[in-house]
Each structure stands twice: as structure tokens, then as C-alpha cells.
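A.B. asks: Okay, predicted coordinates and the sequence, questions at the end:
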Amino acid sequence: MRETLTTALDLMFGHEGGYVNNPKDPGGATKYGITHRTLAAHRGVASVTPAQVKALSKAEAIEIYRRSYWVQSGGDLLPVGIDFMAFDYGVNSGPAQAVKSLQRVVGVTADGIVGGQTVAAVNAYKGDLIDAYAAERLRFMRTLKTWPTFGRGWQKRVSAVVSQARHIIRGMQPTTDAPSHSAKANPKDQSITETLKKPEAWASIGGLLSGLGGMASGTGPMQWALAIIMVGAFATGAYFLIKRMQDQAA
């Protein structure tokens, strides 16, 4: 583990407050930025109660951050500064989303895994990667249905992360904000409109429409009945297709 992880953890607790359970926050019951789902997964149980989340110790939260976020976000592989940005993004939106956004910025396959190709592209990037990465993170956040509710807080968080990353790169001690919970920016909360902008969505829906059209072609009562059934099947298929694509974005 890098020594800078200690700084990253201190800054993380500056972005994440104590226990909250905001019904509008998709993360649900959360403490130190650790959601009830993450805590349950860490403990190897199906679920935990809000009371168990509230009782989460800072020591256990640090262990979760080390094992489930720092490494998965590329913390030990990415350049100093960018490692912190990916870590913070990963805590807020999931490590895979954080890495995919970075990969899109540097122009490599967005598979959500930090490997040699991603590290090389990051090191070879021409321009201000801190600003570019922050801009991509905000672009993603604006596609979420929860942006109108939490967007202002997210903007403040990203702005603080940019400043802190620059301090880390210069070897300076970054300013740690007073803890204030930031709602989760979950990739699964992308709007249907945003999901349908993706080429793969229209390719899949187009194929589904073509297949249904062939099945319902012709005239007569049987064909009309079949057409009605196919419309229902299309609506169901399109719904699950969109849900699958939103899940894959996470």
C-alpha cells in the first residue's frame, strides 16, 4: 500500500460524514460513506439493519475502503493524485464506474479494470488529466435522475477533489473539509433517456423489433392477436434490456 493512502483516507472522511439515511439517497442507510449493502457484503451476510450501519466503527470503515475501493480503483497502480481521484469517485459511484470514466478520458477500452494498458495511457496522456477526469465525472453525474436533488453537493465535492489532488501531486498537505455526507451517484440511476442514447441499446431494440415484425406479419384475426401479444412482449423485453444496460453501467 502506498503511504498516500493515509492521506486519501483522511480526505475521504472529510467528504463523508457520519450516519445518514436519506430516503432520496439511493445508497440508503450509510455511515462514513459505507452503504448498508457494502457493509453487508464486507461482513458476508445477506443484509444489515440501519442500527448496524449506525454502529459501524471508523476502523472497520477504513478496512472496507482499503480492501473494496482503494485497490479496485487502481490506487496502487495509478499516478499520485489520479489515484486519489479514482478512489474518491469509486467510493461515490463504485470502482468500476470510476475506472471506466478514466479509461474513456485516456482513450482505452472501458472495461472497469486498471491494467497495464490503462496505466500506460494515463501516463502518456497529453493535457490536464485532473481537469479532464473531473469533467467526465460531472458529465456522468448529470445523466443521473438524482442530479436535480444532489447535483449541487456533487459539484462541490468534485471541485474539492480537484484541489486536493493538485495538493497531493505537489507534496503539499491537502485541506480536509468538515465531514458532510455526499449522496451516492449510482450508475444504475441513469435515466431511460440517457440509456437509450447508447448505440448498443438501439442495436438490441432494433433486432427485437425486426424479430417481432416478422412474427406478426400477415393479416387475419390470428395475426392481429399475435401482434397484440408481441407488443406486450416487446414492452417487457425493452424494459429488461434497459435495466440490464443500467446494471452493466455500474
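C.D. replies: Happy to help now that I have it.

A.B. asks: I'd like to know how many residues surround Gly74.
C.D. replies: Residues near Gly74, counting by other Cβ atoms under 10 Å, number 24. Using the backbone N, CA and C atoms, a C-beta is placed for each residue, glycine as well.

A.B. asks: Oops, could you answer that again for Pro26 instead?
C.D. replies: Pro26: 17 neighbours (other Cβ under 10 Å).

A.B. asks: Check Tyr89 too.
C.D. replies: Count around Tyr89 with other Cβ under 10 Å applied: 28.

A.B. asks: give the contact list for it.
C.D. replies: Ser73, Gln97, Ala98, Ser101, Arg137, Val161 (Cβ atoms under 8 Å, 6 or more residues apart in numbering).

A.B. asks: Where neighbours are concerned, which of those has the most?
C.D. replies: Counting neighbours by other Cβ under 10 Å, Ser73 leads the contacts of Tyr89 with 30 neighbours.

A.B. asks: can you pull the contacts of the spatially closest residue to that one that is not a sequence neighbour?
C.D. replies: Nearest non-adjacent residue to Ser73, counting by Cβ to Cβ, 6 or more residues apart in numbering: Gly90, 3.7 Å away. The neighbours of Gly90, taking Cβ under 8 Å, 6+ apart as the test, are Tyr69, Gln72, Ser73, Gln97, Ala98, Val99.

A.B. asks: In a markdown table, list those residues along with distance to Gly14, pLDDT and secondary structure.
C.D. replies: As requested, the contacts of Gly90 are exported to a markdown table (distance: Cβ to Cβ, whole Å; pLDDT from 0 to 100; DSSP: H, G, I helix; E, B strand; the rest coil):
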| residue | distance to Gly14 | pLDDT | secondary structure |
| --- | --- | --- | --- |
| Tyr69 | 16 | 95 | helix |
| Gln72 | 21 | 94 | coil |
| Ser73 | 18 | 95 | coil |
| Gln97 | 21 | 97 | helix |
| Ala98 | 18 | 97 | helix |
| Val99 | 23 | 98 | helix |
